[in-house]
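Peer 1: Show me how the following folds:
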Amino acid sequence: MGGRDARRDAIEALAGWQVLVAQFNDLVARSLGVTPTETHCLYVLSRFGPSSPSELARRINLTSGATSRMLDRLLAAGYITRNPDPRDRRRVVITPAGDGIDRIGSLYEPLNAELAALLSEFDDDALAALAGFARAAEAATERHIQAL
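Peer 2: Modelled structure (predicted):
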């Protein structure tokens, strides 16, 4: 298969995987009684740590009003806490609460274990290339999200 066909095949395979990951994320959210956007918020908190509502709105691409309503729902469901920022008492910091992140993680664990097993078939150079591609693809996707 030529280089162009291999690239097209890779892009098609990744696109198919992205669709399935989105479907999986929707099912995880539904099983937890939250929306996919709320699950995305919890992922952002898990990955980047405590955040201000404005930082969450930016990372999730929501308006401040939509973010506030989402945070109210997550607070009522026990997934987050909302506390005064110790550096600036006029601001608040949103933090994951209780075992919410663990509950979400437990739903992803079987898939993550299977993906880890698939990755064990690759040598370190291939894994480094995959990680490099994933980071570059994440940055490219972020640029296109911001452009929309």
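
Peer 1: any idea of the mean pLDDT in the longest strand along the chain?
Peer 2: Across the chain, the longest stretch assigned as strand under DSSP state E is strand 88-96. For strand 88-96, the mean pLDDT works out to 92.

Peer 1: in it, what's buried?
Peer 2: Neighbour counts over strand 88-96 (16 or more other CB atoms under 10 Å) mark 92-94, 96 as buried. C-beta coordinates here come from the backbone N, C-alpha and C atoms, glycine included.

Peer 1: what's the spacing between the helix ranked longest in the chain and its chain's center?
Peer 2: The single longest helix within the chain, with elements called by DSSP state H, is helix 3-32. When distances are taken as CA atoms, centre = their mean, to the nearest Å, helix 3-32 is centred 14 Å away from the chain's centroid.

Peer 1: Mind checking what helix or strand follows the longest strand of the chain in sequence?
Peer 2: Towards the C-terminus, the helix or strand next in line after strand 88-96, according to DSSP states H and E, is helix 100-119.

Peer 1: got the angle for that next one vs helix 3-32?
Peer 2: 150 degrees (axes from the mean of the first three to the mean of the last three CA atoms, to 10 degrees).

Peer 1: State the three-state secondary structure for residue 34.
Peer 2: Using DSSP: H, G, I helix; E, B strand; the rest coil, the structure places residue 34 in coil.

Peer 1: Name the spans of this structure whose pLDDT lies under the cut-off.
Peer 2: 1-3 (pLDDT under 70).

Peer 1: Need phi/psi at the closest residue in space to residue 33 that isn't next to it in sequence.
Peer 2: Of all residues not flanking residue 33 in the chain, residue 77 sits nearest, at 6.9 Å (CB to CB, 6 or more residues apart in numbering). Per-residue torsions, residue 77: phi -80, psi 0 (degrees, to the nearest 10).

Peer 1: Residue 77 contacts residue 34, doesn't it?
Peer 2: Yes - counting by CB atoms under 8 Å, residue 77 touches residue 34, with 6.7 Å between them.
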